[in-house]
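Participant: let me see the structure of the following:
(chains A and B)
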There are 2 protein chains.
Amino acid sequence: MHPKAIPAHNQFSEDISGMSDNKWVYLFSEGSESMRNLLGGKGAGSAEMTKAGMPVPPGFTITTEACLDYFANDKNEPEGLADQIQASLATIEKQTGRGFGNNSNPLLVSVRSGARASMPGMMDTVLNLGLNAETLQGLATRTGDDRFAWDSYRRFIQGYGSIVLGVESHQFEELITEHKLKLGKSGDTELTAEEWQSLTGDFKTLVKTETDMEFPDSPYEQLMGAVRAVFDSWYGKRAMDYRAANNLPHDWGTAVNVQTMVFGNMGANSGTGVAFTRDSITGEKVLFGEYLLNAQGEDVVAGVRTPEKIQTLQDIMPDVYDQFLTYANQLENHYKEMQDLEFTIESGELFMLQTRAGKRSPRAAVKIAVDMVGEGLIDKRTALERVEAEQVNAVLHPQVDPVADISPAATGLNASPGAASGQAIFTADEADELGRSGQAVILVRPETSPDDFHGMVASKAILTARGGATSHAAIVARQLGLPAVVGCEEIKVNLKDKSFQVGEITVNQGDLITVDGTTGNIILGEAPLIKGEITDDLETLLEWADSTRKLDVWANADTPEEALLARNNGATGIGLCRTEHMFREGDRLPIVQEMILAADEKGRQSSLDQLLPIQRSDFKGILKAMHGLPVIIRLLDPPLHEFLHSIHDIESDLDGLRAAGKHNALKEAERMLARARDLHEANPMLGLRGCRLGIVYPEVYEMQVRAIIESAIELKQDGVEAKPEIMIPLVGHINELLEVENRLRNTALTVQNEHGVEVSFKFGTMMEVPRACLTADEIAKQAEFFSFGTNDLTQTTYGISRDDAEGKFLLKYVEDGILPANPFQVLDNSGVGELMKIAVEKGRAARSDIEIGICGEHGGDPDSVHFCHELGLDYVSCSPYRVPVARIAASHAAIGKAPPADV
Amino acid sequence: MHPKAIPAHNQFSEDISGMSDNKWVYLFSEGSESMRNLLGGKGAGSAEMTKAGMPVPPGFTITTEACLDYFANDKNEPEGLADQIQASLATIEKQTGRGFGNNSNPLLVSVRSGARASMPGMMDTVLNLGLNAETLQGLATRTGDDRFAWDSYRRFIQGYGSIVLGVESHQFEELITEHKLKLGKSGDTELTAEEWQSLTGDFKTLVKTETDMEFPDSPYEQLMGAVRAVFDSWYGKRAMDYRAANNLPHDWGTAVNVQTMVFGNMGANSGTGVAFTRDSITGEKVLFGEYLLNAQGEDVVAGVRTPEKIQTLQDIMPDVYDQFLTYANQLENHYKEMQDLEFTIESGELFMLQTRAGKRSPRAAVKIAVDMVGEGLIDKRTALERVEAEQVNAVLHPQVDPVADISPAATGLNASPGAASGQAIFTADEADELGRSGQAVILVRPETSPDDFHGMVASKAILTARGGATSHAAIVARQLGLPAVVGCEEIKVNLKDKSFQVGEITVNQGDLITVDGTTGNIILGEAPLIKGEITDDLETLLEWADSTRKLDVWANADTPEEALLARNNGATGIGLCRTEHMFREGDRLPIVQEMILAADEKGRQSSLDQLLPIQRSDFKGILKAMHGLPVIIRLLDPPLHEFLHSIHDIESDLDGLRAAGKHNALKEAERMLARARDLHEANPMLGLRGCRLGIVYPEVYEMQVRAIIESAIELKQDGVEAKPEIMIPLVGHINELLEVENRLRNTALTVQNEHGVEVSFKFGTMMEVPRACLTADEIAKQAEFFSFGTNDLTQTTYGISRDDAEGKFLLKYVEDGILPANPFQVLDNSGVGELMKIAVEKGRAARSDIEIGICGEHGGDPDSVHFCHELGLDYVSCSPYRVPVARIAASHAAIGKAPPADV
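Facilitator: Below is the predicted model:
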């Protein structure tokens, strides 16, 4: 993240000054859902559950305002905070009958971060805070388990040492391993109380060595250190990365939750688990969760041990299960939203630790939203708001072809649907690098942690050997819409060699694999994939979206097949049909080359005569597929040399032809070489292309327009309503359009006269250079439609060639935060968007009914769709595959759902 | 000219309808100077002279409104025009005592076009109108000269036939030649009355054959035909071309002047001539003109015979000379402007035919303007208005080096000052084509006509074998500021072979020659030229200009020499000092290449350490030259591959090196090839250059800034005030500027701290991509100055690469009128200018004292200077040679002289 993106901390000073009598701390019993911005999601959830009478371990929340004040005052604790914490602790001491730092009956607490939105990048939970060599005696007495007490203490030192004091976690693990080796023991469970006790000494020495400070024994000091660590984690790298990736603001701050410890690891009738009120993968209305007996919560989330399905708890502790099910339903009904719950069972007693809106797979998001409307929980508008446009894209993700003959090498948990193939890559950094450079990579890890986030974002799919459906890898993958298979214990990941073993086979870094997150299958090599599909639920949601949106959604399609797909996906027009693709296909290319090599107009005309019937049939196909709907056909755009072999290739061939004595071929090659050199340009992007071609070689466009009008006439005679709109590319000056369009209108009239048939057509222009936008009033006098070609417009507005820049500096720009996003993916609202605004205003002022749309790649990007809605465009045109995404995004814009950037 | 540039004729209909009682015709005695728009320049001049009592042959003017009405009504004569013409003719008949169509004492008239401004492209004069087989008898009787009468008649048929009826002029000449051959006579003067009479028959037959119409015998029919022909010539190609080249509006229309004939060819005491009231070449206050005895006016202007200097008339006809001198002074004093006069002496009697502002050489324009202020005729502001900025440029035109050892091959009339070398080209079309393609050509013709205008514009100089200082070639060349030698009778032009003979030598098409319009010399081959100079008069004018202008004038200079030249020419700052030139010079290039080839920052740094002292001394030189004045230094801009050999060149070298066994050189070449390939870009214009380089390789800019600050410090210690302004190029997003500038400001501070010396410097940015302009408010928060790089800004605004476009389509665009001008020469006000406007408004809103200028080539173009004045820029920066031009243009803008386009 670029440092400039961090708000200057002292901007808060003014708001906060003189607020020393502020209330910085709220008991759970004092809070509510309406105070979410102040208490964070976790604090608000705990408060709501407490109010509802559920068994929540007593605790309190330090507010986000305290966090902001802390940063506004050079990381000094807010005045009064310490006193308020002590007062709240006193209340909890009363409620629990325990004492913080009391040796005989010690109050132990957990400390958790809790921002307004759930943020994986934030500080991990610190458990068992309040323990020291004295208070652990009280814990031992209370539980009657010395070993448990010392194990808890060493866990606390380990957790606090790594999370709060910054000692690297693996250093503690290495001490444990050493210790076990020395003792000749292999499992943690084999260690006695004394052996753990001896280890705590080593742990403290390690902390002293690494941090140059004694490990704090005072519970109060421990607590204040943890609170500061939570505050500091708000600007930690992981949190910054996460916020940057999710467009979350940096000025929210985080709350801190301090809560009485309950223990899931106090024996066989203790346990801990997480559960969603609905299936977060499919969206089905069933309790969906996992638990581990005799474990602390972190064990479930970290995916270190593979947990049990929540339903199995019904057999083991039926009362607890029923109680939990009741609370789960109660909470979902209360929030009218699928909940993600955390619970702990301490010695057979259920405690609710957290409730929050549950993350879900895109498919589940759609199903839950639609189901909840059916259940009367929410209205259609809320349902639309609950599904991000990008999630719709994920539903449409590719799948492994079900009819293909596939034998999976392994099967794991199907944690996030969709399938993808790519190179197996074993570190997040490498996945990040390769993925950004455009390669398809699959991140393979034993398990993932928030540190791997950047590598996950850049991957096509995730594969982990450990962890369950609620592990970090699974949650993040679903959120990103990436296929993921987790807990695939059949594979043995070897990070040192960057490889994994599956049976006899070794898969090395760079080998191709396929991850099928829908079935959980891992396939070696590249499996055949098929496109995603529109489910019935999605169809329903899309219909609701259509009834609200103002923008039409069209598609870019060059073939009848693509046009049909677009139409099936809900497109109501073709915003861009490129004709150059038609020039390149096999049998046509030689004719096109002959045309380019022709010495004069007559020579060109003879080639064009051959192309005419071919183009006519091209256009007939696509116009027929879209009968009754508009089809914008762009006349030939690319520089002609693109249709010839490259100078380098021809030069390379010459010697061979000469040696082989192939005189005719040699002559032809030399002819092409001469022409290719003649057409060579230093900057072809800014050269002889678009309408400039149409001016220098008018006969090419004339042929194309003849083909368009003739095909429309033939279709009309077959009863098909063709609505071609002829688009003249790269216009910068009104006179270019006049020159080309006047001639072509004439051609269109001539063809109609020849056949005695009138057909409908429009002429318009692509807005893709800044000058066209700046003089849109002049251009609109002639053009019946504008279509923003935002790919080229971005190139000229920035003065950046996408081809050259992405590898050489553009990705670095995005990485370093110099640009907020790649402007070729997300529309640059303040630069390119400003030009579009000027063009729309001037264009509509000159011709009020001018049809205006966008056909750049941005047409399918939800942020950009929002912007186009605000500009008042008539339509966005995108890839046929992204039409459903755009339909949802257009609806979101219309119903006033904030665009993703502001969520 | 593009047809769209012609206003639709019927746009006038409304203004004219119901005006059938309009006054379409004014006698000379009814008009005045204030009616110039209605009567045209010639009509108004004749009216003024008539009012002043000078001997003007009686006549009348048909108004420009009549012309516009004619076009507004599908080329039908205005209602009432015919009647008014007849009435006016009747008045003239009374004044002269002759009758139009009267056989015994016929009134003969001349018919001339006469627009608001003098326009060489308009219709030639028709003389002797009213003659036919009957009326010529009266002429014969009156003059007592049958031969004169028939000669006049054949001249009339010839003139009317070619000018009004469109028969090609050479067809008449061929008939004369044939006729003479048949008769065995060589000179026109040898032909008798009967022989001319017989020729008139052949002429009439020729007209019949070519036009399918009888030659009109009715004088009235002749007159109305001529009037229509004048009207039609307004939209003739020559006139359209002329107006396009001079930015004159097409909706003025032309007046028609009908005037009683007087004859300069009635014998030895008759004659005709033209004269300027001052020397139109030097500007000296002496009568400057020529006359021919026994000749008609056309003979002088056409340059067919070489005329006598006006002063020789004093000996021949002293009274006439004195009378003329009196009128000349009277007219100059009346108009307070140098006059161009036409006169005819008929049998010893002086007639004044025309007075108008005289065209003059640029040097004369400056001298006359300054002198007239001295004489109390005009004020300084008028003087400034009288000199076009481009004329100042012409004064500064190159001259043949006076100390060079030159032996001219021939000498002609020094008709327009300055000197140029180029290929001798013999047709206007070829000169046009080659000149536009960037070649230096010199148009060589026997004489020029308005049909040659396009070829003259495209030439570096003009050479003609015939004609005087007031011939077409001379007038046009002076106006265009082109060197010209005319009437160089030593050369024999052979149009068929495209060559000229001078003595024994043949100069063929394409051979290099030098034309020295200052001395009249023609030199074979390329003569050494020196730059033009600022004369004392020009110095005076420039001082007046400086006291009025708002815009500062800076210059673009890369070396101390250029900076000194700029300063001497009046520049008060350097707007663009390019540093890449410094990287390219001989001994530096290998170091720069080593830097580019370096594998890492350390390697680059070692090369940069070598470059540092070199750059420091570069900057010291230019900062010292401009002591006390600002110098904007642009940090490295071009893509790095420009400093390596081209891929093609290296590849070509490889085989040779391999064959020669030069292993080390081969290794080096392969290393460079690899890097060159790595740096290769499809569109380098839009690639890794400008500040993008500064972000990817920050150490390069750091070295440059260190060199700048160190040089300023050293200069300060020497008592020199250095004012560097550091310009970061190609910024499109504020974050690019932040990234680069923050780092460099740090460098600047570090260097100052190292030396314990503070120096003044600024940081700013070049505005050369549209996005920078659109987000100028954001950029101005950081940048202390903006400099519009309108070359690149034009490229990105249009999406046109200048290098690629000019040859391939841009010139065709300008030629076909698709673009009004080459936007790389004349600023595109409505596109690029609109972006500049946005940038100035947003920039000043964010930082009111931001320094804004322009450093593109446009900074020296007068139109563009006007636009920059209107935008409120602080300065324009141009080539050192164009600084005086810009000073005048800036003054013109400030005093409200309409920019050239509206003249």
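
Participant: helices of the stretch 651-800 of chain A, start to end?
Facilitator: A:663-679, A:691-696, A:698-717, A:734-755, A:770-774, A:776-780, A:790-798 (DSSP state H, counting those that start in this stretch).

Participant: deepest of those, which one?
Facilitator: Of the helices of the stretch 651-800 of chain A, the one with the most neighbours on average (mean count of other Cβ atoms under 10 Å in any protein chain shown) is helix A:770-774, at a mean of 31. Quick note: C-beta positions are derived from backbone N, CA and C, even for glycine.

Participant: please tabulate the helices of the stretch 651-800 of chain A in CSV, including the columns mean pLDDT and distance to residue B:23.
Facilitator: Output for the helices of the stretch 651-800 of chain A, formatted as CSV (pLDDT from 0 to 100; distance: least, Cβ to Cβ, whole Å):
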stretch, mean pLDDT, distance to residue B:23
helix A:663-679, 89, 61
helix A:691-696, 94, 47
helix A:698-717, 97, 48
helix A:734-755, 97, 39
helix A:770-774, 98, 46
helix A:776-780, 98, 39
helix A:790-798, 96, 56
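
Participant: turn the ones you listed into CSV, including distance to chain B.
Facilitator: Compiled in CSV, those are given as follows (distance: least, Cβ to the nearest Cβ, whole Å):
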stretch, distance to chain B
helix A:663-679, 9
helix A:691-696, 5
helix A:698-717, 12
helix A:734-755, 4
helix A:770-774, 4
helix A:776-780, 8
helix A:790-798, 5
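
Participant: burial measure for the nearest residue to residue A:124 once chain neighbours are set aside, as a count.
Facilitator: Spatial nearest neighbour of residue A:124, excluding adjacent residues (Cβ to Cβ, 6 or more residues apart in numbering or on different chains): residue A:163 at 5.0 Å. Using other Cβ atoms under 10 Å in any protein chain shown, residue A:163 has 20 other residues around it.

Participant: quick one: low-confidence parts of the stretch 151-300 of chain A?
Facilitator: Low-confidence segments of the stretch 151-300 of chain A (pLDDT under 70): A:245, A:298-300.

Participant: what's the closest of the helices of the stretch 651-800 of chain A to residue B:605?
Facilitator: helix A:790-798 (30.1 Å; Cβ to Cβ).

Participant: what's next to that closest one, contact-wise?
Facilitator: Under the criterion Cβ atoms under 8 Å, 6 or more residues apart in numbering or on different chains, residues A:685, A:730, A:766-770, A:773, A:800-802, A:823-824, A:827-828, A:831-832, A:835-836, A:854-859, A:864, B:686, B:732-733, B:769-771, B:774, B:796-797, B:799 lie in contact with helix A:790-798.

Participant: I'd guessed the residue nearest to residue A:124 sits against residue A:232; true?
Facilitator: No. Judged on Cβ atoms under 8 Å, residue A:163 makes no contact with residue A:232 at a distance of 11.0 Å.

Participant: ranges for the helices of the stretch 451-600 of chain A?
Facilitator: According to DSSP H, counting those that start in this stretch, the helices that the stretch 451-600 of chain A contains are A:453-457, A:472-480, A:536-548, A:560-568, A:580-584, A:589-597.

Participant: buried among the contacts of helix A:790-798? Make that a ChimeraX selection.
Facilitator: Buried subset of the contacts of helix A:790-798, written as a ChimeraX selection, criterion 16 or more other Cβ atoms under 10 Å in any protein chain shown:
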select /A:685,730,766,767,768,769,770,773,800,801,802,823,824,827,828,831,832,835,836,854,855,856,857,858,859,864 /B:686,732,733,769,770,771,774,796,797,799
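
Participant: which of the contacts of helix A:790-798 fall within strands?
Facilitator: A:766, A:767, A:854 (DSSP state E).

Participant: mind checking pLDDT for residue A:55?
Facilitator: Looking at residue A:55, its pLDDT is 97.

Participant: which SS class is the nearest residue to it once chain neighbours are set aside?
Facilitator: Closest residue to residue A:55 apart from its sequence neighbours, by Cβ to Cβ, 6+ apart: residue A:351 at 5.3 Å. Three-state call for residue A:351 (DSSP: H, G, I helix; E, B strand; the rest coil): strand.

Participant: how close does residue A:351 sit to residue A:621?
Facilitator: Separation of residue A:351 from residue A:621 (Cβ to Cβ, to the nearest Å) stands at 66 Å.

Participant: what do you get for residue A:570?
Facilitator: 21 Å.

Participant: and the pLDDT at the residue nearest to residue A:733 when sequence neighbours are not counted?
Facilitator: Among residues not flanking residue A:733 along the chain, residue B:819 sits closest, at 6.0 Å (Cβ to Cβ, 6+ apart). Residue B:819 is assigned a pLDDT of 88 by the prediction.

Participant: if we can go back for a sec, among the helices of the stretch 451-600 of chain A, which comes closest to chain B?
Facilitator: Taking Cβ to the nearest Cβ, helix A:589-597 is the member of the helices of the stretch 451-600 of chain A nearest to chain B, at 14.1 Å.

Participant: what's the spacing between the very next helix or strand once past the closest one and its chain's center?
Facilitator: Using DSSP states H and E, the helix or strand that follows helix A:589-597 in sequence is helix A:601-625. Chain-centre distance of helix A:601-625: 42 Å, with Cα atoms, centre = their mean, to the nearest Å.

Participant: for helix A:601-625, packing partners?
Facilitator: Under the contact criterion of 3 or more Cβ pairs under 8 Å, 6 or more residues apart in numbering or on different chains; DSSP states H and E, helix A:601-625 touches helix A:560-568, helix A:580-584, helix A:589-597, strand A:630-634, helix A:698-717, strand A:723-728.

Participant: could you redo the last one with a cut-off of 6 Å?
Facilitator: helix A:560-568, helix A:589-597, helix A:698-717 (3 or more Cβ pairs under 6 Å, 6 or more residues apart in numbering or on different chains; DSSP states H and E).

Participant: doesn't residue A:273 fall inside a helix?
Facilitator: No. Under three-state DSSP, residue A:273 falls outside any helix and is assigned strand.

Participant: hang on, it packs against residue A:291?
Facilitator: Yes. Applying Cβ atoms under 6 Å, one finds residue A:273 in contact with residue A:291, separated by 2.7 Å.

Participant: up against chain B, what does chain A have?
Facilitator: A:4, A:681-683, A:685-688, A:692, A:696, A:732, A:735, A:739, A:769-771, A:774-775, A:796-801, A:803-804, A:808-809, A:818, A:830-831, A:834 (Cβ under 6 Å from any Cβ of the partner chain).

Participant: and the strands in the stretch 101-250 of chain A, which stretches?
Facilitator: Secondary structure of the stretch 101-250 of chain A by DSSP state E, counting those that start in this stretch: the strands cover A:109-115, A:126-129.

Participant: for those, which one ends up most surrounded?
Facilitator: Comparing the strands of the stretch 101-250 of chain A on average neighbours, where mean count of other Cβ under 10 Å defines a contact, strand A:109-115 leads with a mean of 26.
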